[in-house]
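Engineer: The amino acid sequence is not available; the structure is as follows:
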């Protein structure tokens, strides 16, 4: 009975004496005790009581492990997706604008600053390391400045993926600031010349390094809100053609700031 009483004592420490009350049986009369001793001498141990004691011990062990299991399940949410609204601010300006090979004094170009929807997917490696893919599509307008002021030069659509490796401060269970570094590519398509007399436009693909900082704030039930800033560094070239004329814009400075905010979900 010593083993049964010990298990009953353990169960009582978890507030479960009612579930295993058989482990702490009430005092019995002498006749009952003698009958039990006689059963043991005849080789008939109280298997049912031992079995119940074993079951209760297993239940206690399972309950003791439950907090760790729940914590592990929470920590296993190693993927995160976010839907963001992003404001893209470019630096603008070209080194020079040439018409049929001749530089045009005072001519310059500027690109629009679109507000775009964006999606991110992050894979966590532990609590503090994340690999993020940011992607978006947007349309950008190229306008003239200086000697070309007021000219509607071109329009293009771009795909602008960014991949960054992040270091995150603190556990994912609370607000988690992070910093990151990586690279961005800018792929242009559907380019259209809009300057009078020109029929075709081509904008060169751009690549460059990216820095990042932001914060994720959990809301509960795996949802979160996010604020994020990225800074990329690159430029591109553009060409317009029409008939026998060609306009080249060399080294158009883009190097955008990408300022984002939105909601996310971890799974």
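Structural biologist: Thanks, I have the structure now. What you see is a predicted model, and the numbers here were worked out from it, not measured in a lab. Numbering: from 1, shown residues only.
Engineer: ok, residue 260 - contacts?
Structural biologist: 84, 85, 86, 87, 118, 214, 226, 227, 228, 229, 230 (CB atoms under 8 Å, 6 or more residues apart in numbering). To be clear about C-beta, it is placed using only N, CA and C from the backbone, and glycine gets the same treatment.
Engineer: Who are the packing partners of the strand ranked longest in the chain?
Structural biologist: For the chain, the strand with the greatest residue count under DSSP state E is strand 176-193. Where contact means 3 or more CB pairs under 8 Å, 6 or more residues apart in numbering; DSSP states H and E, strand 176-193 is packed against strand 129-135, strand 152-159, strand 162-168, strand 200-203, strand 206-220, strand 235-242.
Engineer: Any idea what residue 129 is bridged to?
Structural biologist: Applying DSSP bridges to residue 129 gives these bridge partners: residue 125, residue 167.
Engineer: can you check residue 82 too?
Structural biologist: residue 120, residue 264.
Engineer: Residue 99: neighbour count?
Structural biologist: 13 (other CB atoms under 10 Å).
Engineer: now it: how far from residue 164?
Structural biologist: Separation of residue 99 from residue 164 (CB to CB, to the nearest Å) stands at 39 Å.
Engineer: Please apply the same query to residue 232.
Structural biologist: 10 Å.
Engineer: Which neighbours do the two have in common?
Structural biologist: Common neighbours of residue 232 and residue 164 (criterion: CB under 8 Å, 6+ apart): residue 210.
Engineer: Tell me the secondary structure at residue 197.
Structural biologist: Classification of residue 197 by DSSP: H, G, I helix; E, B strand; the rest coil places it in coil.
Engineer: what's the closest non-adjacent residue to it?
Structural biologist: Spatial nearest neighbour of residue 197, excluding adjacent residues (CB to CB, 6 or more residues apart in numbering): residue 242 at 4.9 Å.
Engineer: Does that neighbour have any beta-bridge partners, and if so which?
Structural biologist: Bridge pairing for residue 242 (DSSP bridges) gives the partners residue 245.
Engineer: List the contacts of residue 245.
Structural biologist: Contacts of residue 245 by CB under 8 Å, 6+ apart are 99, 100, 197, 198.
Engineer: got a pLDDT number for the nearest residue to residue 217 once chain neighbours are set aside?
Structural biologist: In space, and not counting its chain neighbours, residue 217 is closest to residue 175: 4.7 Å by CB to CB, 6+ apart. Note for residue 175: predicted pLDDT of 95.
Engineer: for the residue nearest to residue 197, what are its contacts?
Structural biologist: Residues in contact with residue 242 (CB under 8 Å, 6+ apart) are 193, 197, 198, 199, 200.
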